[in-house]
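Engineer: Have a look; sequence and predicted model below, questions after that.
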Amino acid sequence: MNNARPLKLQGLIVTYLANLWNGLLGATRIHTGWRWLDVLGLVGAILALTTFLLNRDLMRMGEILMLLTFVLGFGAALRALGRDPVFWTFLLWVGVLTTAAVVGVLLPEVRDDYDAINNIRHWARLGWVPLVAWLLGGQLRVVFTVLIGYVLCWFALTLPVIDLGYLQAGLGGSRLDFGTGNPHRASLPFLLSLIILTYLARDLIGPMSQRRVLLGLRLAVWLIAVCYAIFGLMSAQGMGSWIGSLAALLIGIVAVVRHQRHRIRSRSAIAISLLAVAGPILVAVTAVSLFSDGIESRLDTLGGGIAELREGEIAPYGNVGRRYHLWQFGIEKVAERPILGYGPETMRHVIEPDRHGVHGGHLHSSYMDLLFSVGVLGSTLFAVFIFLVARSVCRSVRQGWLPYRYGALFFALLAGFAAANLFESYITSSHFWPHLALILGVFYSPYLWNRLDHRNQPEGSEAPG
């Protein structure tokens, strides 16, 4: 009798993995003409989008598989993306990057070792959204797999450093980096992981009709994962990520209230809406109380910097002082070259360490970095790129191609990511480039493929749901 339970659990895991593999195979579309190539591209996209924080070599392998699929299936890709506005915006983005990089090569401030071709290649990754959307095939199970795979890879990277002393240090107010070398590198993935786990709770926990043992096990694992993500977010102490979590919380509350108001009776809707508001607020208050020492330390640092700023004398050190001098410098430089900027990756050439107190190659704000690197033209194109995807996600939800909770998840991830980039250079940092392909490309895929299904159907027929 004692051996029965482990066997059942082992069989359950094997069955789940087999169903997942069969589901992924079923999710591939014959869109290149060769099934093996479609599977290759799908595996490459999943690798590139999930492992980039865990292992850079795995990420690069995934990128190679993606590009190989695109090249070998170029005719099919062109038929799918040839009239896609997001794809053409991506091509314009590459054109602006190329022009800005050529400008950077000619500037006297930029050193001779500026590698324009390599920098164009790097920054082009920010616009890989249409390629990712095409390779993923528009299937919801693949969207779920990529999002959860990202969380699992991040946990696999950071959990080995956790022990009792580490937990005590985080709860005691210490700022932790979880083995990444920089707390800011840990802050954003924990934010996005928490948002994914929260918004996909229904999918992760499963239906109430399943066996109680299985329901309890899935619920326990989900709660542990959420608690770990909260611990990581709070103890990494990223101010932008904290603001991002509040933005995601607000979007979640509004989404639940609107959804329930239209779907069920008013009395039940009020009760569920109140629960949706009270539950997250209770969790937030609990987290704030547990990590009060760390929050107080960060606020004291911020308050001291603001006080120095008011007095008119602030050194280029510390969180506030460094950003103040860098942003002032960035504004001055953008004013000199507002249209195309100085070119991607030129900040490390132009920033003066003696004047700005830093030796890094960014301005501690992705939006300042974009203006500095590609000017108003490139930054506007970048905003249009995001707008097109966001509008497509809204249409996918209205058409029923994307479940409501996935649409809300997209906007929560986008809001959290946008807020986190106010004070850090996540968008323009090599550690975080694939995040935009993850957030935008994954959720754009259902719209791209369902639109293709509609376009390819005979007139008068209905597209598959």
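Structural biologist: On my side now, so go ahead. Numbering: from 1, shown residues only.
Engineer: ranges for the helices of the stretch 1-150 of the chain?
Structural biologist: For the stretch 1-150 of the chain, the helices defined by DSSP state H, counting those that start in this stretch occupy 4-27, 35-50, 56-72, 74-81, 85-106, 116-124, 129-136, 140-158.
Engineer: what pLDDT, on average, does the fourth one get?
Structural biologist: Helix 74-81 shows a mean pLDDT of 91 in the predicted model.
Engineer: The nearest residue to Met61 once chain neighbours are set aside and Leu377: what is the separation?
Structural biologist: Nearest residue to Met61, sequence neighbours excluded (CB to CB, 6 or more residues apart in numbering): Leu47, at 6.1 Å. Just so you know, the C-beta spots here come from the backbone N, C-alpha and C atoms, and that holds for glycine as well. To Leu377, Leu47 is 33 Å away according to CB to CB, to the nearest Å.
Engineer: Following the chain past the worst-scoring helix or strand of the chain on mean pLDDT, name the next helix or strand.
Structural biologist: Here the helix or strand of the chain ranked lowest by mean pLDDT, DSSP states H and E is helix 353-356, holding a mean of 50. Toward the C-terminus, helix 353-356 is succeeded by helix 366-399 as the next helix or strand (DSSP states H and E).
Engineer: If you count neighbours, what's buried in that next one?
Structural biologist: Using 16 or more other CB atoms under 10 Å as the test for burial, helix 366-399 gives 366-375, 377-379, 381-382, 385-386, 388-389, 392-393, 396-397.
Engineer: Could you do stretch 204-220 as well?
Structural biologist: Neighbour-count burial for stretch 204-220, counted by 16+ other CB under 10 Å, picks out Leu204, Ile205.
Engineer: quick one: low-confidence ranges for the stretch 51-200 of the chain?
Structural biologist: Per-residue confidence for the stretch 51-200 of the chain (pLDDT under 70) gives these ranges: 111.
Engineer: Find the nearest non-adjacent residue to Leu452, please.
Structural biologist: Nearest residue to Leu452, sequence neighbours excluded (CB to CB, 6+ apart): Ala80, at 5.9 Å.
Engineer: same question, Val397
Structural biologist: With CB to CB, 6+ apart, the residue lying closest to Val397 is Gly407, at 3.8 Å.
Engineer: Was I right to think that neighbour contacts Arg391?
Structural biologist: No. Gly407 is beyond contact range of Arg391, at 11.8 Å (criterion: CB atoms under 8 Å).
Engineer: Number of residues surrounding the residue nearest to Leu452?
Structural biologist: 23 (other CB atoms under 10 Å).
Engineer: so it touches Ser445, yeah?
Structural biologist: No. Counting by CB under 8 Å, Ala80 stays clear of Ser445, with 11.2 Å between them.
Engineer: which ones are touching the residue nearest to Val397?
Structural biologist: Val393, Cys394, Ser396, Val397, Phe443 (CB atoms under 8 Å, 6 or more residues apart in numbering).
Engineer: any idea how far Cys394 is from it?
Structural biologist: Distance from Gly407 to Cys394, counting by CB to CB: 7 Å.
Engineer: separation between the residue nearest to Met61 and Gln399?
Structural biologist: 30 Å.
Engineer: go on, His364?
Structural biologist: From His364 to Gln399 the distance is 40 Å (CB to CB).
Engineer: Check Val110 too.
Structural biologist: 48 Å.
Engineer: With Gly173 instead?
Structural biologist: 48 Å.
Engineer: same check, this time on Leu53
Structural biologist: From Leu53 to Gln399 the distance is 33 Å (CB to CB).
Engineer: and what of Val442?
Structural biologist: 18 Å.
Engineer: ditto for Leu152
Structural biologist: 30 Å.
Engineer: Repeat that for Gly127.
Structural biologist: 25 Å.
Engineer: and what of Ala415?
Structural biologist: Ala415 is 23 Å from Gln399, by CB to CB.
Engineer: residues in contact with Gly240?
Structural biologist: Here Gly240 is in contact with Ser187, Ala419, Ala420, Asn421, Leu422, Phe423, Glu424 (CB under 8 Å, 6+ apart).
Engineer: The first one: what's it in contact with?
Structural biologist: This points to Ser187. By CB under 8 Å, 6+ apart, the neighbours of Ser187 are Leu233, Ala236, Gln237, Gly238, Gly240, Ser241, Ala420, Glu424.
Engineer: Of those residues, just say which sits nearest to Pro183.
Structural biologist: Within those, distances to Pro183 taken as CB to CB reach their minimum at Ala236, with 4.6 Å.
Engineer: looking at it, Leu388 is touching Val86, isn't it?
Structural biologist: Yes. Between Leu388 and Val86 there is a contact under CB under 8 Å: 5.2 Å.
Engineer: Can you check which residues contact both of the two?
Structural biologist: Joint contacts of Leu388 and Val86 (CB under 8 Å, 6+ apart) do not exist.
Engineer: From Trp134, how far off is Leu381?
Structural biologist: 21 Å.
Engineer: how many other residues sit next to the residue nearest to Met61?
Structural biologist: Other residues close to Leu47 by other CB under 10 Å number 22.
Engineer: Next: Asp112.
Structural biologist: Count around Asp112 with other CB under 10 Å applied: 6.
Engineer: which of the contacts of Ser187 has the most neighbours?
Structural biologist: Most surrounded of the contacts of Ser187: other CB under 10 Å gives Ser241, at 30 neighbours.
Engineer: Would you mark the buried spots in the helix or strand hosting that residue?
Structural biologist: Assessed by DSSP H and E, Ser241 sits inside helix 239-263. For helix 239-263, the neighbour count (16+ other CB under 10 Å) marks 239-245, 247-249, 251-253, 255-257, 259-260 as buried.
Engineer: follow-up on the earlier one: dump the contacts of Ser187 to a markdown table, plus distance to Asn182 and pLDDT.
Structural biologist: Converted to a markdown table, the contacts of Ser187 look like this (distance: CB to CB, whole Å; pLDDT from 0 to 100):
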| residue | distance to Asn182 | pLDDT |
| --- | --- | --- |
| Leu233 | 15 | 93 |
| Ala236 | 9 | 89 |
| Gln237 | 12 | 87 |
| Gly238 | 10 | 86 |
| Gly240 | 14 | 88 |
| Ser241 | 13 | 90 |
| Ala420 | 14 | 92 |
| Glu424 | 10 | 86 |
